[in-house]
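A.B. asks: okay, sequence plus prediction incoming.
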Amino acid sequence: MSGSEGRGKRTGTQALLPVPGAVLAGELLRRAEEDRELTRQAQVTPAPYFRRRLLEVRRDNAGALERTVARHGWPTVDQVGDPASTAALMILLHSPDLAFQRTCRDLIAQAAADGRCPAVHHAYIADHCAVEEGSPQFYGTRVNPITLHPYPTRRPQTLDERRRDVGLGPLAEQMRVLRSEH
């Protein structure tokens, strides 16, 4: 079997995924959209129902992602496409299970090193895990929602270099945009 059999084939700029990858991609995208919609509803109408429902959906999504990772490994771009791989990252970031997040962080790091996942995905999950563990983050992607300041970062003097290496702009630019949205 050649290296391209069983993988998505490129036609123009869009990859055609094999049927199992396309089904998984659809499921990841559906779950991430449900999370986004409930998050929006919980922000607009801060009723206990929406907060409870959002927590339920995030637990269910995390469980489904755990089963996917156990069966297929991390959903990489070559398996499910870029939008669905990004959806899997969002589901992971909202998972209540830090141990699972750490496991996936390592899988994503390897996939990024192999070119099968955007490096920025690793930046987001690495920072998430660091902040949750009470450690300084690496890329400055996590911001305190109350103060609108980034959580502490490692070696701030080289932060923008690390951000550039994974495809992020300078932290000051990210903060300007974030603060202008609030």
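C.D. replies: All right, it came through fine.
A.B. asks: state the distance from the spatially most central residue of the chain to residue 114.
C.D. replies: Nearest residue to the geometric centre of the chain (Cα atoms, centre = their mean): residue 89, 2.3 Å. Distance of residue 89 to residue 114, computed by Cβ to Cβ, to the nearest Å: 16 Å. The C-beta positions use only the backbone N, C-alpha and C, and glycine is treated the same way.
A.B. asks: distance between stretch 63-80 and the chain's centre?
C.D. replies: 13 Å (Cα atoms, centre = their mean, to the nearest Å).
A.B. asks: start and end of that stretch, how far apart?
C.D. replies: 18 Å (Cα to Cα, to the nearest Å).
A.B. asks: return the set of buried residues in it.
C.D. replies: 65-66, 68-69, 74-80 (16 or more other Cβ atoms under 10 Å).
A.B. asks: in those, find the pair that's most separated.
C.D. replies: 66 and 78 (21.0 Å; Cβ to Cβ).
A.B. asks: quick one on the thing from earlier: which of the buried residues of stretch 63-80 sits closest to residue 127?
C.D. replies: Among these, and counting by Cβ to Cβ, the member closest to residue 127 is residue 74, at 17.3 Å.
A.B. asks: what strand or helix carries that closest one?
C.D. replies: For residue 74, there is no helix or strand it lies in under DSSP states H and E.
A.B. asks: nearest residue to it other than its sequence neighbours?
C.D. replies: Leaving aside its chain neighbours, residue 74 sits nearest to residue 107 (4.0 Å; criterion: Cβ to Cβ, 6 or more residues apart in numbering).
A.B. asks: any chance you could list what contacts the host helix or strand of the one you found?
C.D. replies: Assigned by DSSP H and E, residue 107 belongs to helix 98-113. With contact meaning Cβ atoms under 8 Å, 6 or more residues apart in numbering, helix 98-113 is reached by 62, 66, 69, 73-74, 76, 89, 92-93, 95, 117-119, 121-122, 125-126, 128-129, 132-133.
A.B. asks: quick check: residue 63 vs residue 179, distance?
C.D. replies: 36 Å.
A.B. asks: and this protein, what are its domains?
C.D. replies: 1-96, 98-182 (automatic domain parsing).
A.B. asks: which of the ones you listed has the lowest mean pLDDT?
C.D. replies: Within the domains of the chain, confidence is poorest for domain 1-96, with a mean of 84 (mean pLDDT).
A.B. asks: quick one, phi/psi of residue 134?
C.D. replies: Phi and psi for residue 134, reported as degrees, to the nearest 10, are phi 80, psi 20.
A.B. asks: all set, thanks.
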